[in-house]
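> below is the sequence, then the predicted model.
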Amino acid sequence: MAVYKVEICGVNTAKLPILSEDEKTELFSRIKQGDRFAREQYIKGNLRLVLSVIKRFANSNENVDDLFQIGCIGLMKSIDNFDDSIGVKFSTYAVPMIIGEIRRYLRDNNSIRVSRSLRDIAYKAIHAKELLTRTSMQEPTLEDIAKETGIDKDDILFALDAIQSPVSLYDPVYTDGGDALYVMDQISDKHNREDRWVESLSLNDAMKRLNTREHHIIKLRFFEGKTQMEVAEEIHISQAQVSRLEKSALKSMKTYLATDPICRKVP
């Protein structure tokens, strides 16, 4: 999804106005008196908030124009419900509202079918969370949401999990300018630890040709089923370094196994 194009929904994002704090205060005072022109000016002056939010959904594969429109709905709801007397900046209040509106849109357009009853529970929980956040100005716990809705917290958790968008194992989760780290790199395998593969291909010999650090990383990753993050914490380096060392070690091992005559005979 390209979120950096200049024109979105007919709006030239390069020319969006920036309101000063005095202008915001003056416009909001007029909005409370029913001035629709002031409301339109306030919306235009805060469209950059919508742009900043939709960049967070760059991997959603949704049309950027659609997300921008949905984000604008969230912005308008924020303006209509914001109480400037509570001493909180408008952007602090508006960003979660815009994010929530976009997430609802993505859930409703999810290709995976989720029962109506589960959706109802999830939406009640989300609505309760937003309400509690506005009233207490802090993130409510699952117990708080369960008490507010009168729904068992396990049912709420199950419903919220059901409406989440699926994630590909090959989706990148981090990059430092070099090799990207993928979702699959975050997953540990406690049951299938490649025992048969290790035995059949005689990886012990291949591992002996690794340096001490590479040998330790391969052992932790494929024999003990640890994630790259867990390995990074144990040997006190970054996850990006673990990823690079792991790939280098596996490449060396594959090269050895491909040229070793004993290994080539293994079916």
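Cool, got the structure.
> buried stuff in the one helix or strand residue 104 maps to?
Element membership for residue 104 (DSSP states H and E) is helix 90-108. Residues 90, 93-107 are the ones in helix 90-108 that count as buried (16 or more other Cβ atoms under 10 Å). Yep, even glycine has a C-beta here, placed from its N, CA and C like the rest.
> and what of stretch 212-225?
214, 216-218, 220-222, 225.
> related to what we said a few turns ago, which among the buried residues of helix 90-108 gets closest to residue 43?
Nearest to residue 43 out of those is residue 94 (Cβ to Cβ; 10.7 Å).
> and the pLDDT at the residue nearest to the closest one when sequence neighbours are not counted?
Sequence neighbours aside, residue 78 is the residue nearest to residue 94 in space, at 3.8 Å (criterion: Cβ to Cβ, 6 or more residues apart in numbering). Residue 78 carries a pLDDT score of 88 in this model.
> assumed residue 78 was part of a helix.
Yes - according to DSSP: H, G, I helix; E, B strand; the rest coil, residue 78 belongs to a helix.
> now do the contacts for the spatially closest residue to residue 239 that is not a sequence neighbour.
Once flanking residues are discounted, residue 239 sits nearest to residue 232: 4.4 Å by Cβ to Cβ, 6+ apart. The neighbours of residue 232, taking Cβ atoms under 8 Å, 6 or more residues apart in numbering as the test, are 238-239, 241-242.
> quick one: which of the residues you listed has the most company?
Ranked by neighbour count (other Cβ atoms under 10 Å), these have residue 242 at the top, with 26 neighbours.
> shouldn't that residue be in contact with residue 227?
No - at 9.3 Å, residue 242 and residue 227 do not qualify as touching, with contact defined as Cβ atoms under 8 Å.
> list the contacts for residue 78?
Per Cβ under 8 Å, 6+ apart, neighbours of residue 78: 90, 93-94, 97-98.
> can you list the residues you listed in a markdown table and add pLDDT and distance to residue 128?
Formatted as a markdown table, the contacts of residue 78 follow (pLDDT from 0 to 100; distance: Cβ to Cβ, whole Å):
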| residue | pLDDT | distance to residue 128 |
| --- | --- | --- |
| 90 | 84 | 23 |
| 93 | 84 | 17 |
| 94 | 86 | 20 |
| 97 | 85 | 15 |
| 98 | 88 | 19 |
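> which single one of these is nearest to residue 129?
Distances from residue 129 to the contacts of residue 78, taken by Cβ to Cβ, are shortest for residue 97, at 11.8 Å.
> how far away is that closest one from residue 117?
Going from residue 97 to residue 117 by Cβ to Cβ, to the nearest Å gives 26 Å.
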